[in-house]
Each structure stands twice: as structure tokens, then as C-alpha cells.
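A.B. asks: next comes the sequence, and after it the predicted model I'd like to discuss.
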Amino acid sequence: MHPALSIIVFTTSSGLGYGLAFFLGFGLLDPAAFATKAAHVIALGLISVGLLSSTLHLGNPQRAWRALSQWRSSWLSREGVLAIVSFVPLCLSAWFVIFEGRHSWPAGLAGSLGCAVTVYCTAMIYASLRTVEAWHTPLTPAAFLAFAGAGGAMLATFFAALGGGNAGLTAVLALVLLVLAWGTKLVWRRRLRALSSTSTPETATGLGALGRVRLLERPHVTENYLTREMGFRIARKHARKLAAIAFGLGGGVPFVLLAASALFAAEGGLGWPVFAFLALAAYATGMLVERWLFFAEARHSVMNYYGR
């Protein structure tokens with residue numbers, strides 16, 4: 001599948017935003033602190049940037065609102081509806097913190113629930129596709145949720161270290177979720193490597209009973225939407241290198257930095273937030289690589305008609 005930049009930015013940015021908003025909804029940071037007020041603004045900003053970037057992938061972005069009408073059958077539509085609905089409690093929670101300096105449990109918990117369900121719907125857009133066997137597994141939504149949680153916990157740690165609350169607690173949560181997220185991704189990748197496709201030219205054409213099907217001529221002489229969007233290919237050796245970069249930057253480096261930052265927790269000063277920021281920067285970079293690979297390594301069954 002073609003790794004479109006708009007979708008990579010969408011899934012990475014909204015994942016971080018929803019993850020941070022999820023933890024803010026539980027009141028883990030001091031609502032009277034300036035850092036906590038800034039955290040709410042950043043969370044809403046990341047979510048907004050992510051959702052807006054997703055519309056850039058549409059052929060006619062001005063018609064994006066029509067996607068909301070199919071919520072009974074479409075995970076994409078459900079995601080859009082829930083993204084809008086969850087904005088209400090998220091904005092209310094941010095209002096109480098920014099302007100009144102207090103945490104609203106009803107708005108906060110409703111916002112956290114909305115964040116989790118919206119991220120789940122985003123993941124199910126891909127996991128529900130039987131035509132892309134790499135994505136069609138419960139591991140896909142599990143990884144999306146764990147990654148959103150890990151990124152949100154690291155963001156919460158950064159703002160807590162700036163004076164918003166107990167950075168030690170959020171750092172422990174971040175470490176646990178980092179291990180869970182990348183552990184899930186490792187299992188996901190092992191499944192991908194061992195995957196034996198059930199979709200072949202024989203099953204695609206229904207001519208398997210006659211023997212092996214050989215392509216005589218492509219359906220199209222020139223490149224088209226299907227070959228551009230569904231036929232992207234990446235060499236396995238490059239995929240392995242990029243996967244190592246993703247696991248290293250997104251998992252190993254943040255884990256070491258967060259663990260090392262515990263040394264500065266009791267001393268205060270700039271050490272704690274600096275380490276937390278560096279861990280966050282490494283994680284975000286690793287996630288961009290991971291999301292790129294998520295699309296680049298996926299194979300759509302339609303390419304059976306193109307001899308791939």
C-alpha cells in the first residue's frame with residue numbers, strides 16, 4: 001500500500017493527542033499548574049492537526065462530511081462521528097482546567113472514553129479489511145491503542161516534569177506501555193513475516209480448478225490509481241533496516257531516557273523535563289517510521305490481477 005504522508009501524520013499526531021487527552025481525563029496532572037493548561041491545549045491541537053491532515057488524502061476534501069453518514073456500516077464513518085462527539089467533553093475538560101483551574105471528573109472521564117473508542121475505530125478501519133491480510137488481525141487495534149497510550153503517557157510525563165504533577169507516576173506508565181506497544185508490534189511483525197496469503201491469482205479469478213493461472217496481460221497498460229495506491233512495494237532488506245530504526249528510536253531510546261531520567265526526579269531542575277522531551281522526540285520519530293512501514297509492507301489482494 002502507498003504510505004501517504006497525510007495518513008502517516010494523521011495516525012501519529014492524533015494518536016499522541018488522544019493518548020495525552022486520555023491521561024488528562026483521569027486528572028493525573030495538577031489542574032492549577034500552567035503546564036497542565038498547556039497540556040490540554042497541545043492535546044486538542046494534536047488531535048485537530050491529525051484529523052485535518054486526514055482530509056488531505058481524499059480526492060474531494062470538501063465532501064469529507066459525507067463520510068459521517070455511513071456510521072452503521074463503516075468504521076471510517078464511526079471514527080469521524082466519534083471524533084466530533086468526543087471533542088465536546090474534551091473541550092469542556094480543557095475549559096475547566098484552563099479557565100477555572102479545576103478538574104471535572106464527568107467531562108474528563110467521558111473524554112477519556114471517547115479517546116479510547118476513537119483510536120479503536122481508527123485501527124478498525126485497517127483491521128476490518130480482509131483484502132489486506134497484514135492488517136486483518138486483532139493485533140492491529142491492540143497495537144494502535146498501546147502506541148497511543150505510550151505516546152500519551154510520555155507527553156504527560158513531559159508536562160508533569162514541567163511542574164504539572166507527579167512525573168514519576170506517568171513515567172512508570174509510559175515505560176509499561178512502551179514495552180506493551182512494541183511487544184505487540186513485534187508479534188504483529190512476526191505474523192506478517194510468516195503470513196502465507198490465501199488470496200492468489202487462482203482464487204482471485206476462480207480458475208484454480210483448471211490449474212495454475214498465469215497473467216498474459218495487465219488490466220491496464222499505464223499506471224493508475226490501483227497500481228499507485230495498492231501496488232507500492234518495498235525491498236525486504238530495506239524494511240528490516242527501517243523496522244530496526246523504528247524499534248530503536250520509538251522503543252529502545254525512549255525507554256532508556258525515561259529510565260535514566262529517574263535519577264533527576266529527586267533533584268529537580270531541568271534534567272527531568274529535558275530527558276522526557278528527548279524521549280518524546282525519539283518516540284515520535286520512531287512512530288513516523290513505524291507508520292510508514294505499516295502501509296508500505298501491506299499487500300492488497302487486488303494486485304493479484306497485476307501479476308504481483
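C.D. replies: Ah, there it is.
A.B. asks: quick one: Glu79 from Phe10, how far?
C.D. replies: The spacing between Glu79 and Phe10, counted by C-beta to C-beta, to the nearest Å, is 10 Å. Where C-beta positions appear, they are placed from N, C-alpha and C, glycine not excepted.
A.B. asks: have a look at the two and say which one is more surrounded.
C.D. replies: Glu79 (25 against 22; other C-beta atoms under 10 Å).
A.B. asks: show me what contacts the closest residue to that one other than its chain neighbours?
C.D. replies: Leaving aside its sequence neighbours, Glu79 sits nearest to Cys121 (C-beta to C-beta, 6 or more residues apart in numbering; 3.9 Å). Applying C-beta atoms under 8 Å, 6 or more residues apart in numbering, we find Cys121 in contact with 75, 78-79, 82.
A.B. asks: all helices of the stretch 51-200 of the chain, in order?
C.D. replies: 75-100, 105-127, 139-159, 167-194 (DSSP state H, counting those that start in this stretch).
A.B. asks: hang on, the earlier thing: by neighbour count, which of the contacts of Cys121 wins?
C.D. replies: Neighbour-wise, these (other C-beta under 10 Å) top out at Glu79, 25 neighbours.
A.B. asks: isn't that one up against Ile125?
C.D. replies: Yes: with contact defined as C-beta atoms under 8 Å, Glu79 counts as touching Ile125 (6.4 Å).
A.B. asks: just the helices of the stretch 51-200 of the chain: most buried one?
C.D. replies: Most buried of the helices of the stretch 51-200 of the chain by mean neighbour count (mean count of other C-beta atoms under 10 Å) is helix 139-159; its value is a mean of 26.
A.B. asks: let's have the helices of the stretch 51-200 of the chain in CSV, adding mean pLDDT and distance to Val253.
C.D. replies: Below are those laid out as CSV (pLDDT from 0 to 100; distance: least, C-beta to C-beta, whole Å):
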stretch, mean pLDDT, distance to Val253
helix 75-100, 93, 30
helix 105-127, 95, 24
helix 139-159, 96, 12
helix 167-194, 93, 10
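A.B. asks: among these, which is nearest Ser301?
C.D. replies: helix 105-127 (14.3 Å; C-beta to C-beta).
A.B. asks: and the angle for the closest one with helix 139-159?
C.D. replies: 140 degrees (axes from the mean of the first three to the mean of the last three C-alpha atoms, to 10 degrees).
A.B. asks: quick one: helix 105-127 to helix 75-100, angle?
C.D. replies: Using the same axes, to 10 degrees: helix 105-127 against helix 75-100 is 150 degrees.
A.B. asks: what does stretch 286-296 contact?
C.D. replies: By C-beta under 8 Å, 6+ apart, the list of residues contacting stretch 286-296 reads 1-4, 7-8, 11-12, 15-16, 147, 151, 185, 232, 234, 239, 242-243, 245-251, 253-254.
A.B. asks: now, of these, which are buried?
C.D. replies: Neighbour-count burial (16 or more other C-beta atoms under 10 Å) applied to the contacts of stretch 286-296 gives 1-4, 7-8, 11-12, 15-16, 147, 151, 185, 232, 239, 242-243, 246-247, 249-251, 253-254.
A.B. asks: returning to that earlier point: closest to Ala156 among the contacts of Cys121?
C.D. replies: Closest to Ala156, out of all of those and judged by C-beta to C-beta, is Leu82, at 22.0 Å.
A.B. asks: list the contacts of the closest residue to the closest one other than its chain neighbours.
C.D. replies: Distances taken as C-beta to C-beta, 6+ apart put Thr118 closest to Leu82, at 4.5 Å, once the chain neighbours are dropped. Shown in contact with Thr118 (C-beta under 8 Å, 6+ apart): 18, 79, 82-83, 86.
A.B. asks: any idea how far Thr118 lies from Leu195?
C.D. replies: 28 Å.
A.B. asks: where's the residue nearest to Leu82 relative to Ser13, distance?
C.D. replies: 13 Å.
A.B. asks: what pLDDT does the residue of the chain positioned farthest from its centre get?
C.D. replies: Distance from the centre of the chain peaks at Leu210, with 43.6 Å (C-alpha atoms, centre = their mean). Note for Leu210: predicted pLDDT of 76.
A.B. asks: for Val274, find the nearest of the helices of the stretch 51-200 of the chain.
C.D. replies: Closest among the helices of the stretch 51-200 of the chain, once you apply C-beta to C-beta, is helix 139-159, at 9.7 Å.
A.B. asks: so what's Ser104 closest to, chain neighbours aside?
C.D. replies: Using C-beta to C-beta, 6+ apart, the closest residue to Ser104 is Phe96 (4.3 Å).
A.B. asks: next, the contact list for the one you found, please.
C.D. replies: Phe96 neighbours (C-beta under 8 Å, 6+ apart): 31, 102-104, 107.
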